[in-house]
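1. can't give you the sequence, but here's the structure:
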């Protein structure tokens, strides 16, 4: 009888302990197991469910952020390779537009066309990076390229202004002496800024290559050598 009593007592205790585990605790335990086994999507779902049960849990919030960060990190090599493949031709177009111009190209019409091509490149780059939100290393690096393009657009805009100013009939364009002087003064600043931001972009890209083992050395070197 005493043996039966002990068995029944342990059974009751076991049942009470099992019933005592809340949904929050279950989700937290599941999430930790998924996180440890690198099943990030399942871990994120579990921690989100835990936060539904206990929205103020700092542990659930911290582990959810870690699961999200680890998930991004685990796909970084694939995303970086994809980014480079999608971006390489746009960068080549930009680099070609930045090349030193021939004397015969120094006309208002040709320079204005060049300005619009740079603006189109800027729009392409903005659309491209919108696909990589959440991958901070990529977006931070890409921001340097956008800054280089923006400075190149400002430089080209000043060039167009000066071309209009020295045209046969400058009054047709209504470019004042003051506006022309301002454009002339900004030329070197914008040129240096565009060069510096492009250098920072390629350096940052090289660092990502090393960190994630992505073979982009040839693509990066091509940009630097233009």
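-> Received the coordinates, thanks. The structure presented is a predicted model; accordingly, all values stated were derived computationally and were not measured. Numbers count the residues shown, from 1 in each chain.

2. quick one: buried residues of stretch 189-205?
-> For stretch 189-205, burial by neighbour count (16 or more other Cβ atoms under 10 Å) applies to 190-191, 193-194, 197-198, 200-202, 204-205. (Each C-beta comes from the backbone N, C-alpha and C, glycine too.)

3. now the residue nearest the centre of the chain: how far from residue 31?
-> The residue lying closest to the centre of the chain (Cα atoms, centre = their mean) is residue 139, at 1.3 Å. Per Cβ to Cβ, to the nearest Å, residue 139 is found 27 Å from residue 31.

4. Any regions of this structure where pLDDT drops low?
-> 1-21, 103-104, 168-171, 216-226 (pLDDT under 70).

5. quick one: the helices in it?
-> 2-20, 23-36, 40-53, 58-74, 76-97, 108-129, 136-165, 177-212, 217-225 (DSSP state H).

6. List the contacts of the fourth one.
-> Same thing as helix 58-74. The contact list for helix 58-74, computed with Cβ atoms under 8 Å, 6 or more residues apart in numbering, reads 24, 28, 31-32, 34-35, 38, 40-41, 43-44, 47-48, 50-51, 54, 134-135.

7. Let's see that with 7 Å instead.
-> 28, 31, 35, 38, 40, 43-44, 47-48, 50-51, 54, 134-135 (Cβ atoms under 7 Å, 6 or more residues apart in numbering).

8. among the residues you listed, which two are most distant?
-> 54 and 135 (30.0 Å; Cβ to Cβ).

9. neighbour-wise, which of the two wins?
-> Counted by other Cβ atoms under 10 Å, residue 54 and residue 135 do not tie: residue 135 has more neighbours, with 19 against 16.

10. Surely the more buried one touches residue 79?
-> Yes - counting by Cβ atoms under 7 Å, residue 135 does reach residue 79; the two are 5.4 Å apart.

11. number of nearby residues for residue 114?
-> Residue 114: 17 neighbours (other Cβ under 10 Å).

12. Repeat that for the one 10 residues further on.
-> Taking other Cβ under 10 Å as the neighbour definition, residue 124 ends up with a count of 16.

13. which one among the contacts of helix 58-74 gets closest to residue 84?
-> Nearest to residue 84 among those, with distances taken as Cβ to Cβ, is residue 135, at 12.5 Å.

14. show me the residues around the closest one that make contact.
-> 72, 76, 79.

15. for residue 161, same thing?
-> 175, 179-180, 183.

16. By neighbours, which of the residues you listed wins?
-> residue 183 leads the contacts of residue 161 on contacts (other Cβ under 10 Å) with 22 neighbours.

17. Let me know whether it touches residue 162 as I believe.
-> Yes - at 5.3 Å, residue 183 counts as touching residue 162 under the criterion of Cβ under 7 Å.

18. For residue 31, list the residues it contacts.
-> Counted by Cβ under 7 Å, 6+ apart, residue 31 has contacts 43, 46-47, 50, 63.
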